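Asker: For reference, the sequence and a predicted model appear below.
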Amino acid sequence: MSKLISLLLALFLIPVLPAVYAQNTHSLQLNGGMVFPMNSSKGAGAALQYNYSLSPAIQLYAYSGISYWDENHEIHEMDRKDIQNNQFKTSYSADEHVLIPLYFGSQIALHSDRLFTTFANIELGYSHLSYNAYENLMVTDEKTGEVLEFYADQKTKRKVNENLFGIGAGVGLSHEITNGIKLQLSYKLNTFINSNYNGFFTSRGTYNTLVLGVNCGI
């Protein structure tokens, strides 16, 4: 894991080397879109992003904002197939997820034409995640022993706060509307590095985002 983090830091810092030769360009970007956690219901988010261009092809950025999604999905597999009409039961053990990220990244233009510029980015940072956690209870048929359902016991509700570090990578398109104003559509995959929230590339600790941003020069 330490080697992976060192590699990501190196990829992030390499673009800084040409900075002494580049003209400083600053912009602010308002982002909004959908959040798709791999093991939860979909959600939405918004963020404010600051961009610093090292050259026409290389840009550093930092952003923070807020994202929300509701229930995580859990699948319980039953052992007794002979008495089960349905071998799999679904439930949830957490809801009302609120994520506040502070991320830093590097964006590199891959190709430009008259309409669009395609780009790729890589980022790392910190996130504060809060949610409600519940214990699951099982309901069975007293006569047959068949498991009828699992449900989140509201009496066991507790508030959980996680301090998480993560990495992300993505691709996107940008289109210049007027001089100094751009529209940007991006897709990113992010995952948490530490194991507090089931960690690196687990289904619960990984999420996708589809974001539309408005970029304005300052």
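Answerer: That came in fine, so what should we check first? Numbering: from 1, shown residues only.
Asker: Show me the strands in the chain, by range?
Answerer: Remark: strands assigned in the chain by DSSP state E are 25-37, 43-53, 58-69, 74-77, 88-91, 94-112, 117-140, 147-178, 181-192, 206-217.
Asker: Which of these sits closest to residue 198?
Answerer: strand 181-192 (8.0 Å; CB to CB). Using the backbone N, CA and C atoms, a C-beta is placed for each residue, glycine as well.
Asker: Which residues outside the closest one are in contact with it?
Answerer: Applying CB atoms under 8 Å, 6 or more residues apart in numbering, the contact partners of strand 181-192 are 29, 119, 121, 123, 127, 164-177, 198-202, 205-217.
Asker: likewise stretch 69-88?
Answerer: Contacts of stretch 69-88 (CB under 8 Å, 6+ apart): 35, 37, 39-44, 89-97, 136, 138, 144-147, 150, 204.
Asker: Model confidence at the spatially closest residue to residue 101 that is not a sequence neighbour, what's the number?
Answerer: With sequence-adjacent residues excluded and distances taken as CB to CB, 6 or more residues apart in numbering, residue 101 is closest to residue 127, at 4.4 Å. Residue 127 is assigned a predicted lDDT (pLDDT) of 96.
Asker: For residue 127, grab the count of nearby residues.
Answerer: 19 (other CB atoms under 10 Å).
Asker: Please list all residues in contact with residue 211.
Answerer: 31, 32, 33, 34, 45, 47, 184, 185, 186, 187, 188.
Asker: Actually, residue 157.
Answerer: Counting by CB under 8 Å, 6+ apart, residue 157 touches 132, 133, 134.
Asker: One more: residue 66?
Answerer: Contacts of residue 66 (CB under 8 Å, 6+ apart): 45, 46, 47, 98, 99, 100.
Asker: pretty sure the first one is touching residue 33, no?
Answerer: To tie it back to what came earlier, the one meant is residue 45. Yes - if you go by CB atoms under 8 Å, residue 45 and residue 33 touch, sitting 6.6 Å apart.
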